[in-house]
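What follows is a predicted protein model with its sequence.
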Amino acid sequence: MKTADIVILGGSAAGITAALTARRHYPQKSVLVIRQEKEVLIPCGIPYIFGTVGSPSKNLIPDALVEKASVEILLAEVRSLDPDRKTVETSQGPVGYDKLVMATGSLPSVPPIPGTDLPGVYPIAKDVPSLLALQEELGRAKDVVIIGGGFIGIEFADEIRKAGVDNVTIVEIAPHCLSLSYDTVFCEEAEEALKGRGIQIRTSTKVQAIQGQGHVERALLVDGSTLKADVVILGAGAIPNVKIAQAAGLVLGATGAIKVDRTMRTSVPDVFACGDCAKKFSFFGGRPSTLKLASIATLEARIAGANLYGITRENCGTIGVWSTAIGDLALGTAGLTESAAVGEGYEVVTATVEGPNRHPGGMPGGAPMKVKLVFERNSGVLLGGQVRGNSAAGELLNVMAACVQQRMTAEDIAMFQMGTHPALTASPVAYPLTNAAEIAIGAMRNRC
């Protein structure tokens, strides 16, 4: 029987990160990653296969990353787990372990709509053959319907339209695309950008059925209207991949993911879990969270990999930091939006500033940038922020996330010592974070 000190089930973002972290912390231990896929995709890059990048082969995580760290890879299907015997049964035979990390990820969610089994209907699976088949169909398609106006939906729509498909329509049940991720004004700006790139948007409605004879031909909406469709893409999110864990007796949490504590330990000794398959709780109050992001998965993997032979790290909870791009327009959120904060019961003060991200604004790379910060009124603690701009918005978003995680107050941020340069940042006189904080402080002081 093959054995390894540390066995990791799954070779995507969480599995790779857990393996590399375990190797760094425990260099004397053998580390084995078991995965079924011959090639591992970069999950967040999947939409860009169909436009910007051009093929699945250009969106892969190279095996050299783990092989250089002396991590062994076993290509095999995992069939079962026996925690009592500390063995994993695979298509290549049993594997014994001392410590095990479950990093089995997630599966595409298929909504309960008649016709999702028709040829031409595609959930977004994270495997190369499925994406190649979708790419081949899109090469012939004239009409594409995308169900879901979240990140998957809008990014696929933008890339498919860029690739030359004439008619691309997003169908979203909520009043706006991205409504779970941004406050309304940011959603509206995203929708305007999408429409400007030739994408049709149908909000406040849903697909009642997918129809066709032998292949998808149309999507029937609840109002009785139809949309022509050569291809339908299901962008309705993902569910935790917990079949192996559940069969082995690991306890699941309220969201259907593997229950873990703050150290990423499961209910079974010597078994850890991280990534999309693992339960998450919010940084804000500790309630269960259903967020599934590669950035969250890798954080959890760094915790799990470090804690295998002694607890050194604990999870502070999921803040939620995400971004997307529509052409040159970038949008990001760190922590709670205003609507989410109010929904959680916080009394908030917000401040929004807008100006050029270079000084003067005519500098190369300059673009308008909008920043909105959300503070808890009584304590002044930053709950979250949103940013809209060009590619420079990405790193400002990460600064905002650090401020949220450190529970910085408006006063802390107003006293923030930033580095600026005309070709790289906004002016120190109009730096968006400090100016927004100052505005919020004024609102708090003048609440009466």
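Done, it's in.

which residues touch residue 100?
Neighbouring residues of residue 100 by C-beta atoms under 8 Å, 6 or more residues apart in numbering: 6, 7, 8, 9, 81, 83, 86, 88, 270, 271, 272. The way it works is simple: take the backbone N, C-alpha and C, and place the C-beta from them, glycine included.

Any of these buried? List them.
Burial by neighbour count, judged by 16 or more other C-beta atoms under 10 Å, picks out 6, 7, 8, 9, 81, 83, 86, 88, 271, 272 from the contacts of residue 100.

got the contact list for the last one?
When contacts are counted by C-beta under 8 Å, 6+ apart, residue 272 touches 18, 99-102, 260, 263-266, 304, 307-308.

Ranking by neighbours, what's the top pick from those residues?
Taking other C-beta atoms under 10 Å as the neighbour criterion, residue 18 ranks highest of the contacts of residue 272 with 36 neighbours.

That one: which element?
Remark: residue 18 resides in helix 13-25, with elements defined by DSSP states H and E.

and what of residue 8?
Counting by DSSP H and E, the element that carries residue 8 is strand 2-9.

and that strand, what does it pack onto?
Contacting strand 2-9 under the criterion 3 or more C-beta pairs under 8 Å, 6 or more residues apart in numbering; DSSP states H and E are the following elements: helix 13-25, strand 31-35, strand 93-102.

Which one of those lies nearest to residue 296?
Across the helices and strands packed on strand 2-9, residue 296 has its closest neighbour in helix 13-25 (9.0 Å, C-beta to C-beta).

Could you say which helix or strand holds residue 132?
Taking DSSP H and E as the definition, one finds residue 132 inside helix 128-138.

Show me what that helix is packed up against.
strand 121-123, strand 231-234.

Now the first one: average pLDDT?
Strand 121-123 shows a mean pLDDT of 97 in the predicted model.

And the helices in the stretch 51-200 of the chain?
All helices of the stretch 51-200 of the chain, identified by DSSP state H, counting those that start in this stretch, fall at 64-67, 128-138, 151-162, 184-196.

Turn those helices into JSON lines, columns for mean pLDDT, distance to residue 106 and mean neighbour count.
Conversion of the helices of the stretch 51-200 of the chain to JSON lines gives the following (pLDDT from 0 to 100; distance: least, C-beta to C-beta, whole Å; neighbours: other C-beta atoms under 10 Å):
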{"stretch": "helix 64-67", "mean pLDDT": "91", "distance to residue 106": "21", "mean neighbour count": "14"}
{"stretch": "helix 128-138", "mean pLDDT": "95", "distance to residue 106": "15", "mean neighbour count": "16"}
{"stretch": "helix 151-162", "mean pLDDT": "96", "distance to residue 106": "12", "mean neighbour count": "23"}
{"stretch": "helix 184-196", "mean pLDDT": "97", "distance to residue 106": "24", "mean neighbour count": "17"}
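
Dump the ones you listed to CSV, plus distance to residue 74.
Written out in CSV, the entries for the helices of the stretch 51-200 of the chain read as follows (distance: least, C-beta to C-beta, whole Å):
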stretch, distance to residue 74
helix 64-67, 12
helix 128-138, 19
helix 151-162, 30
helix 184-196, 42
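
so which of the ones you listed comes closest to residue 248?
helix 64-67 (24.7 Å).

Measure how far the closest one is from the centre of its chain, please.
Here helix 64-67 is found 24 Å from its chain centre; the criterion is C-alpha atoms, centre = their mean, to the nearest Å.

which residues does residue 400 contact?
For residue 400, the contacting residues are 334, 335, 373, 382, 384, 385, 387, 433, taking C-beta under 8 Å, 6+ apart as the criterion.

Verify the assumption that it is located in a helix.
Yes - according to DSSP: H, G, I helix; E, B strand; the rest coil, the state of residue 400 is that of a helix.

Go through the contacts of residue 400 and say which is closest to residue 315.
Looking at the contacts of residue 400 and their distance to residue 315, the nearest is residue 335, at 15.9 Å (C-beta to C-beta).

Leaving aside the residues adjacent along the chain, what's closest to that closest one?
residue 384 (2.9 Å; C-beta to C-beta, 6 or more residues apart in numbering).

and the helix or strand containing that neighbour, what does it pack onto?
Residue 384 belongs to strand 382-389 when elements are defined using DSSP H and E. Counting contacts by 3+ C-beta pairs under 8 Å, 6+ apart, strand 382-389 packs against helix 184-196, strand 329-335, helix 338-343, strand 368-376, helix 393-405.

So which of the helices and strands packed on strand 2-9 is nearest residue 407?
Minimum separation from residue 407 across those (C-beta to C-beta) falls at helix 13-25, 25.7 Å.

so how far is that closest one off the chain centroid?
Distance, centroid of helix 13-25 to centroid of chain: 19 Å (C-alpha atoms, centre = their mean).

Kindly export it (C-alpha atoms) in PDB.
Provided in PDB are the C-alpha atoms of helix 13-25 (Å, rounded to 0.1, in the frame of the first residue of the first chain):
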ATOM      1  CA  ALA A  13      -6.200  26.300  -5.300                       C
ATOM      2  CA  ALA A  14      -6.800  25.000  -1.800                       C
ATOM      3  CA  GLY A  15      -5.100  21.600  -2.400                       C
ATOM      4  CA  ILE A  16      -2.000  23.100  -4.000                       C
ATOM      5  CA  THR A  17      -1.700  25.800  -1.300                       C
ATOM      6  CA  ALA A  18      -2.200  23.300   1.500                       C
ATOM      7  CA  ALA A  19       0.600  21.100   0.000                       C
ATOM      8  CA  LEU A  20       3.000  24.000  -0.400                       C
ATOM      9  CA  THR A  21       2.300  25.200   3.200                       C
ATOM     10  CA  ALA A  22       2.700  21.700   4.600                       C
ATOM     11  CA  ARG A  23       6.000  21.400   2.800                       C
ATOM     12  CA  ARG A  24       7.300  24.700   4.200                       C
ATOM     13  CA  HIS A  25       6.200  24.000   7.800                       C
END
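
buried sites along that helix?
13, 14, 15, 16, 17, 18, 19, 20, 21, 22, 23, 25.

Out of these, give me the two with the largest separation.
With C-beta to C-beta as the measure, no two of those lie farther apart than 13 and 25, at 18.4 Å.

picking up where we left off before, could the contacts of residue 100 be laid out in CSV, adding pLDDT and distance to residue 347?
Compiled in CSV, those are given as follows (pLDDT from 0 to 100; distance: C-beta to C-beta, whole Å):
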residue, pLDDT, distance to residue 347
6, 98, 47
7, 98, 48
8, 98, 44
9, 98, 44
81, 98, 47
83, 98, 46
86, 98, 51
88, 98, 50
270, 98, 45
271, 98, 42
272, 98, 38
